[in-house]
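1. Here is the input, now give the coordinates:
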Amino acid sequence: MFKKFIGAGTVAAALLGAAGTAHAGKDLDAVKARGQLICGVSTGVAGFSQADSQGKWTGLDVDVCRAVAAAIFGDAEKVKYVPLTAQQRFTAIQSGEVDLLSRNTTWTLQRDTALGLDFTSISYYDGQGFMVPKKLGVKSAKELNGATVCVQPGTTTELNLADYFRANKMTFKPVVIEKVEEVRSAFFAGRCDVYTTDASGLYSTRAANVPAPATADDFVVLPEIISKEPLGPAVRHGDQQFADIVRWSFFAMLETEENDITSKNVDEMLKSENPSIKRILGVTPGIGKALGVDEKWVYNIVKQVGNYGESFERNVGMGSTLKIARGLNALWSKGGLQYAPPIR
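-> Okay, here's the model as predicted:
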C-alpha cells in the first residue's frame, strides 16, 4: 500500500511537470509587447477607483489592476487606467480598448455568456440599496411609493429598481442619467428623492461627494438591500492564460491574507519554514512556471499592493473615509464569503 501511494504521488508530479510552462494567448502577448496593462475603471467612485488631482488612481478595483501588473511585469505601476461609464464599459472590453475591466461590475449570466466575458473572481460582495435626504423622514424603502429615483442606465441597478417597485406594488418616476457624477449632482440638487446604486457606491457618495454646506449626516442609506451584486474583474473570452493570471492574482491577495502575509512582513516571511508559505512566495519553485509568470509573482503582489485585507482597509474599510465593515467580504475563516482555492 505504501509503495502504491508513493507511485500515485509520482504520477501527479509527472502530470504537473508535463503541463510545463503555460502558453501565452493573444491578449497576454499584446499586454507583454506593450509593456503595460490597460485597465478599464469607473469615472470616479471613492474607495474603488478614483483619480486624485495629480491623476494617480487608487481604490479596491485599482488594486486588482495593480496586482495583475505586478504578476505579469513585477511592477504594479505598469498600468494605464481608462475611465469608463456604465454604458461604455462592455464595448471597451469587447473591442480591445482595454485588457481588463475592473470597475464595480456585477457578474451575471447574460454578461458572462451573451457579452463574451470571463468574470475571473468576486472582488467585492455587494447589494443594491437606496439613499435619501434625512429631512424626508423615510426609514424604509417600503415608504418610497411615488418617489422620483436617480439611476444610471445600462446597469443591473436599473432593472432591479423596476423589479423591486413592481414586486412591492409601488410606483416611481425614474431620472435616468448616464454619468455617475451627473447622477450625484442631480440627487444633491433635489431633482430626485432617492439615489439607488450598489450600497458600496452609496457609502462612497455619502463619504466623498456631498457638496457643502451639507454633510454626510444629512443623508441616510436605508436598511433594505434588494439584490445580490457580486462585483469583480472581467476579461474577454479567448485567452485562458490571461484569465488565469487575473484570477489567481486576486486569489493571491486572499491567500496571503489568510496566511498572515502582509506588505510589511513579506520579506521576513521568505524565511518561513512553513511549506505552504514557501510555495506561495516562490521560495519553493513551480507555481510561477505553471501560471507562466515569475516565481516571485505573489511576493511582488503583496510587497507592492498588499493582501486583500490591507487593500480593503485602506480603500473602503475602517482606515478609509468610507468606513465599511468587512461583512460578507471578510475571509471565510472569519465569517465572510471571501475564499480562495489553495495556491499549490
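2. Please compute how far stretch 95-113 lies from its chain's middle.
-> 11 Å (C-alpha atoms, centre = their mean, to the nearest Å).
3. Numbering from 6 from now on, please.
-> Yep, numbering from 6; the last one is stretch 100-118 now.
4. hey, C-alpha coordinates of it in PDB?
-> Provided in PDB are the C-alpha atoms of stretch 100-118 (Å, rounded to 0.1, in the frame of the first residue of the first chain):
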ATOM      1  CA  SER A 100     -13.400  45.900 -28.700                       C
ATOM      2  CA  GLY A 101     -10.000  45.500 -27.100                       C
ATOM      3  CA  GLU A 102      -9.700  49.200 -26.000                       C
ATOM      4  CA  VAL A 103      -8.900  47.800 -22.500                       C
ATOM      5  CA  ASP A 104      -7.400  44.400 -21.500                       C
ATOM      6  CA  LEU A 105      -9.200  44.200 -18.200                       C
ATOM      7  CA  LEU A 106     -12.400  45.600 -16.800                       C
ATOM      8  CA  SER A 107     -12.200  46.300 -13.000                       C
ATOM      9  CA  ARG A 108     -14.900  48.900 -12.300                       C
ATOM     10  CA  ASN A 109     -17.700  47.700  -9.900                       C
ATOM     11  CA  THR A 110     -19.300  45.500 -12.400                       C
ATOM     12  CA  THR A 111     -21.800  42.800 -11.400                       C
ATOM     13  CA  TRP A 112     -21.200  39.200 -12.600                       C
ATOM     14  CA  THR A 113     -24.400  38.000 -14.300                       C
ATOM     15  CA  LEU A 114     -25.300  35.100 -16.600                       C
ATOM     16  CA  GLN A 115     -26.000  37.400 -19.500                       C
ATOM     17  CA  ARG A 116     -22.800  39.300 -19.200                       C
ATOM     18  CA  ASP A 117     -20.800  36.000 -18.800                       C
ATOM     19  CA  THR A 118     -22.400  34.500 -21.900                       C
END
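5. residues of it that come out buried?
-> The neighbour-count check on stretch 100-118 (16 or more other C-beta atoms under 10 Å) flags 103, 104, 105, 106, 107, 108, 109, 110, 111, 112, 113, 116 as buried. Heads up, the C-betas are built off the backbone N, CA and C, glycines and all.
6. Closest one to residue 336 out of these, please.
-> Lowest distance from residue 336 to the buried residues of stretch 100-118 (C-beta to C-beta) belongs to residue 112, with 19.8 Å.
7. Which residue is the nearest non-sequential neighbour of the closest one?
-> Once flanking residues are discounted, residue 112 sits nearest to residue 124: 4.1 Å by C-beta to C-beta, 6 or more residues apart in numbering.
8. Could you give the bridge partners of that neighbour?
-> residue 239 (DSSP bridges).
9. show me what contacts it?
-> Counting by C-beta atoms under 8 Å, 6 or more residues apart in numbering, residue 124 makes contact with 112, 116, 117, 237, 238, 239.
10. Can you tell me how far it is from residue 251?
-> According to C-beta to C-beta, to the nearest Å, residue 124 and residue 251 sit 10 Å apart.
11. Pull up the overlap in contacts between those two.
-> In contact with both residue 124 and residue 251: residue 238, using C-beta under 8 Å, 6+ apart.
12. On the three-state scheme, residue 201 is what?
-> Of the three states, residue 201 takes strand under DSSP: H, G, I helix; E, B strand; the rest coil.
13. burial count for it?
-> Counted with other C-beta atoms under 10 Å, the neighbours of residue 201 add up to 32.
14. List the contacts of it.
-> 133, 134, 135, 136, 154, 155, 156, 162, 166.
15. which of those lies closest to residue 217?
-> residue 136 (18.0 Å).
16. would the closest one count as being in a helix?
-> No - under the criterion used here (three-state DSSP), residue 136 is strand, not part of a helix.
17. Okay, and the beta partners of it?
-> The residues that residue 136 bridges to, once DSSP bridges is applied, are residue 200, residue 226.
18. Please report how far it lies from residue 339.
-> Distance of residue 136 to residue 339, computed by C-beta to C-beta: 28 Å.
19. Same check on residue 69?
-> As judged by C-beta to C-beta, residue 69 and residue 339 stand 21 Å apart.
20. higher neighbour count, those two?
-> Taking neighbours as other C-beta under 10 Å, residue 69 and residue 339 compare with residue 69 leading, 30 against 11.
21. Next, the more buried one: phi, psi?
-> In terms of degrees, to the nearest 10, the main-chain angles of residue 69 are phi -60, psi -40.
22. For it, which non-adjacent residue is closest in space?
-> Spatially, and ignoring its direct neighbours in sequence, residue 69 is nearest to residue 107 (4.7 Å; C-beta to C-beta, 6+ apart).
23. residues in contact with that neighbour?
-> Neighbouring residues of residue 107 by C-beta under 8 Å, 6+ apart: 44, 45, 46, 54, 66, 67, 69, 70, 128, 238, 239.
24. Skip the chain neighbours and tell me the closest residue to the fourth one.
-> Excluding its sequence neighbours, the residue lying closest to residue 54 (C-beta to C-beta, 6+ apart) is residue 46, at 3.7 Å.
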